[in-house]
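[1] model this:
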Amino acid sequence: MRLEVIDAQNIVKIGEPFTFVCRVTNTAERIMDLLAKLEALLEFGCDYTGAAEFDIGKLTPGEQREFPLTVCPARLGLIKISPLLL
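    Sure, this is the predicted structure:
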């Protein structure tokens with residue numbers, strides 16, 4: 001699997017949700033049935049808030065699918081969105 005961010009704003013405001021678009025590509029040699037899951041635990045020092053869980057569906061080898069994710073940054077600077085599970 002390859003995951004890319006293909007559309008995201010360069011500058012966002014703390015406390016205001018923003019949406020970015022991801023693209024997942026099936027690099028395996030078999031059909032993959034994918035589910036995306038993102039959880040952000042609310043704890044001190046967390047970079048962002050946001051949660052999602054949805055079905056991406058079946059991807060044949062080489063097939064791509066795009067999907068949006070929305071998070072709300074909680075601090076200044078570059079934010080790592082992790083863990084996004086596929």
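[2] May I have the secondary structure class of Val12?
    Local secondary structure at Val12 is given as coil here, using DSSP: H, G, I helix; E, B strand; the rest coil.
[3] Touching, it and Phe18? I think so.
    Yes - assessed by C-beta atoms under 8 Å, Val12 is found in contact with Phe18 at 4.4 Å. The way it works is simple: take the backbone N, C-alpha and C, and place the C-beta from them, glycine included.
[4] With Asn10 as the reference, measure out to Met32.
    Distance check for Met32 against Asn10: by C-beta to C-beta, to the nearest Å, it reads 31 Å.
[5] Between those two, which has more neighbouring residues?
    Met32 (17 against 4; other C-beta atoms under 10 Å).
[6] Helices of this structure, start to end?
    Using DSSP state H, the chain contains no helices.
[7] most distant residue from the middle of it?
    Computed with C-alpha atoms, centre = their mean, the maximum C-alpha offset from the centroid of the chain is found at Glu29, amounting to 23.4 Å.
[8] Give me the phi and psi angles of the residue lying closest to that residue once chain neighbours are set aside.
    Leaving out its chain neighbours, the residue that sits closest to Glu29 by C-beta to C-beta, 6 or more residues apart in numbering is Pro61, at 5.5 Å. Backbone dihedrals for Pro61, given as degrees, to the nearest 10, come out at phi -50, psi 130.
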